[in-house]
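> What would the 3D arrangement of this be:
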Amino acid sequence: MRNIRLTVAYDGTDFHGWQLQPNRPTIQGALIEVATRLTQEKVMLFGAGRTDAGVHALGQTASFKTRSALTPLELQRAFNALLPPAIRILNCEEEGPDFHPRWQAQAKTYEYRIYRGRIVPPFEQRYVLHYPFPLDEEAMAKAAPLFEGVHDFTAFAGADGDEEEGRQREPTREIFSARIARTSRANIWTQAFSPTVAPVEAASASAGEGKKPAEGACCGEELAFTVRGRSFLRFMVRKMVGTLLEIGRGRLAAGDILRQFELRDRSAVGPTVAPQGLFLVHIEYPDRWRL
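Alright, predicted model coming up:
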């Protein structure tokens, strides 16, 4: 059996999330349908994590095993010919037999986009949270790194568990970096589709981590929260963003983040913001899992 790894980008607007559901369009369901058609086999396809309804991905990872003789390039072309236009296979390759996209993932990068202009362009509204009202962006930028480190994120997650199917509902998570800054739309699109821009480097650049911002980024109309961590609880990034917005509005203080790691009170942090601004940007794996 060959183990095929897919790198998948998708617009999640018209799907009921990643996970397969009966009688509802999902990303996993669409991929399984096409894989079954191509291989004429009963396919079990796994993803690195479950994105919710309305959440997008620039670099989701999935894998399935097959006896098909189709090459990775042939599979990629066939997938893209048969999938809905909202789902694209960016890369297809053969991995070692033990590779699993969920259990071998070392880190994930998410980005949440907030449009700050007075009028959101109609072709952007599916991919941003529109918030044109006053915000103390400097206070938000100072508060964001407080999420970094190993903490109990109970207060910053939904009540129904983990984004990753099968994991224990352990609330402790490790966040490697968390930044919020003004950015430009070009950054997020090019990091997935340009072969010259590495996803992690682009994500770091948009977050202001050791790289000079792209020209015009400092005065862009969008505020981007970029967070990189080992794994995430369900709704965790969206509640982190909701908390930063409450800090920007002056309703919470930065210290409330630290207090809620101890108190674990979901009602004392910000709300879960809408899904359409959230992107799964990139997933990292150790080199030893490659063939």
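
> residue ranges for the helices of the protein, please.
Using DSSP state H, the helices of the chain run over 27-39, 72-82, 137-143, 185-193, 199-207, 236-249, 255-263.

> want to try TSV for those, with mean neighbour count as columns?
C-beta here means a position set from N, CA and C on the backbone, and glycine is covered the same way. Supplementary listing: the helices of the chain in TSV, determined by neighbours: other Cβ atoms under 10 Å:
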stretch	mean neighbour count
helix 27-39	20
helix 72-82	16
helix 137-143	17
helix 185-193	18
helix 199-207	21
helix 236-249	25
helix 255-263	16
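
> and those, which one is worst for confidence?
In terms of average pLDDT, helix 199-207 trails the rest of those, at a mean of 44.

> picking that back up, save the helices of the chain as CSV, and put in distance to Gly277 too.
Formatted as CSV, the helices of the chain follow (distance: least, Cβ to Cβ, whole Å):
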stretch, distance to Gly277
helix 27-39, 18
helix 72-82, 26
helix 137-143, 15
helix 185-193, 11
helix 199-207, 14
helix 236-249, 8
helix 255-263, 20
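
> which one of the ones you listed lies closest to Ala155?
helix 255-263 (3.9 Å; Cβ to Cβ).

> Would you mind extracting the C-alpha trace of that closest one into CSV?
What follows is helix 255-263, C-alpha atoms only, in CSV (Å, rounded to 0.1, in the frame of the first residue of the first chain):
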residue,chain,number,x,y,z
GLY,A,255,-3.7,40.9,32.6
ASP,A,256,-7.0,39.2,32.2
ILE,A,257,-5.4,36.8,29.8
LEU,A,258,-2.9,35.6,32.5
ARG,A,259,-5.7,35.5,35.1
GLN,A,260,-7.9,33.2,33.0
PHE,A,261,-5.1,30.7,32.5
GLU,A,262,-5.6,30.1,36.3
LEU,A,263,-9.3,30.8,36.7
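
> contacts for it?
Ala143, Leu146, Phe147, His151, Asp152, Phe153, Ala155, Phe156, Thr243, Ile247, Ala268, Val269 (Cβ atoms under 8 Å, 6 or more residues apart in numbering).

> Closest to Leu233 out of these?
Phe153 (5.6 Å).

> about what we covered before: can you select the buried ones among the contacts of helix 255-263 for me in ChimeraX?
Restricted to buried positions by 16 or more other Cβ atoms under 10 Å, the ChimeraX selection for these reads:
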select :143,146,147,151,152,153,155,156,243,247,269
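
> where are the low-confidence patches of this protein?
160-169, 185-220, 288-291 (pLDDT under 70).

> could you redo the last one with a cut-off of 50?
161, 165-168, 196-218, 289-291 (pLDDT under 50).

> Let me know the outermost residue of it.
Ala69 (32.0 Å; Cα atoms, centre = their mean).

> Relative to Gln104, how far out is that one?
Between Ala69 and Gln104 the computed distance is 26 Å (Cβ to Cβ, to the nearest Å).

> for Gln76, same thing?
Gln76 is 21 Å from Gln104, by Cβ to Cβ.

> State the distance from the residue farthest from the centre of the chain to Glu41.
12 Å.

> can you pull the contacts of Thr66?
Met1, Arg2, Ile4, Ala35, Thr39, Glu41, Val43.

> wait, doesn't Phe99 sit right on Ala62?
No: Phe99 is beyond contact range of Ala62, at 11.2 Å (criterion: Cβ atoms under 8 Å).

> Overlap in contacts, these two.
Arg5.

> what sits against the closest residue to Gln276 other than its chain neighbours?
Nearest in space to Gln276, with sequence neighbours left out and distances taken as Cβ to Cβ, 6 or more residues apart in numbering, is Gly54 at 5.2 Å. Gly54 makes contacts with Gly12, Thr13, Gly17, Ala274, Pro275, Gln276, Leu278, as judged by Cβ under 8 Å, 6+ apart.

> Nothing else from me, thank you.
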